[in-house]
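[1] give me a model of this one.
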Amino acid sequence: MSRPARLTRRTAVVVAALAVAACGSPATEPTADVEWANPDAPDLFKFQATDLVSGEQIDGTDLLYKDVVLWFWAPWCPICDAEAGALVNAMAEFPDDVIVLGIAGLGDVATSETFIDDHPGVEGFPNIYDDDGSIWEGFRVTGQPTLVLINQDGESQSYSGGYGKNDIVEKVAWLAEG
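    All right, here's what the predicted structure looks like:
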């Protein structure tokens, strides 16, 4: 392959990656008239969304002072497809007090619901759809899948990629250290 062809292919890969990372719209300001579970929470946690499985309302401020795993995924993403089962299997080894919340984006509600239906166990924890990309943007997620771990002290760690069960269990063990 000639050098110019390699540069063209490399440039195309970079452009495609940037296009995927740029999907979503700017974060929206939290609604002032909402009664939040924790009204003094940082704006980053001020989101409300409907659980795609149960239909219950999720209040992001309710995640404060808890050990949380946020799993950002897209319904068309083949890496998310593989990581879904690994996450479900890893959850059996999480400490009992760890909360898992799936945050779908970069697709639509219908395909996100199909993704959940097609991945046994994913319906076992709340999953919401981030329709305007503001939750992804707030947590600085630029690609999928991404795990954002937040401990009860508010410290966080973020991991992008696709992880197997043992990798996920190892990363989530950090929550118990705090």
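
[2] CA only for contacts and neighbour counts going forward, please
    Noted.

[3] any idea how far residue 100 is from residue 123?
    Look at residue 100 and residue 123: by CA to CA, to the nearest Å, they are 11 Å apart.

[4] for residue 78, same thing?
    Here residue 78 is placed at a distance of 18 Å from residue 123 (CA to CA).

[5] next: residue 72.
    According to CA to CA, residue 72 and residue 123 sit 15 Å apart.

[6] these two: who's more crowded?
    Set residue 72 next to residue 123 and count neighbours by other CA atoms under 10 Å: residue 72 wins out with 27 against 19.

[7] just the element for the more buried one, please.
    Per DSSP states H and E, residue 72 falls inside strand 68-73.

[8] after that strand, heading C-terminal, what element do we hit next?
    Criterion used, DSSP H and E; the element after strand 68-73 is helix 78-91.

[9] in the sheet, who's paired with the spatially most central residue of the chain?
    Taking CA atoms, centre = their mean, the centroid of the chain lies closest to residue 72, which sits 1.7 Å from it. On the basis of DSSP bridges, residue 72 is bridged to residue 103, residue 146.

[10] what residues are up against it?
    Residue 72 makes contact with 102, 103, 104, 105, 136, 141, 144, 145, 146, 147, 148, according to CA atoms under 8 Å, 6 or more residues apart in numbering.

[11] quick check, nearest of the residues you listed to residue 170?
    Among the contacts of residue 72, residue 147 lies closest to residue 170 (CA to CA), at 12.5 Å.

[12] right, and the closest one touches residue 158 too?
    Yes - look at residue 147 against residue 158 with CA atoms under 8 Å: they come within range, at 5.7 Å.

[13] re the thing from before, distance of the residue nearest to the centre of the chain from residue 85?
    Remark: distance between residue 72 and residue 85 (CA to CA) = 14 Å.

[14] can you pull the phi/psi pair for the nearest residue to residue 102 once chain neighbours are set aside?
    Closest residue in space to residue 102, ignoring its immediate chain neighbours: residue 127 at 4.2 Å, by CA to CA, 6 or more residues apart in numbering. Per-residue torsions, residue 127: phi -130, psi 130 (degrees, to the nearest 10).

[15] how about residue 127, what does it touch?
    Residues near residue 127 by CA under 8 Å, 6+ apart: 51, 52, 53, 101, 102, 103, 104.

[16] between the residues you listed, which has the most around it?
    Each of these was scored for neighbours by other CA under 10 Å, and residue 104 scores highest at 28 neighbours.

[17] let me see the contact set for that one.
    72, 73, 74, 75, 112, 127, 128, 129, 130.

[18] look at it and report its pLDDT.
    Looking at residue 104, its pLDDT is 98.

[19] now it: how far from residue 33?
    In terms of CA to CA, residue 104 sits 26 Å off from residue 33.

[20] do residue 93 as well
    Separation of residue 93 from residue 33 (CA to CA) stands at 39 Å.

[21] okay then, goodbye and thanks.
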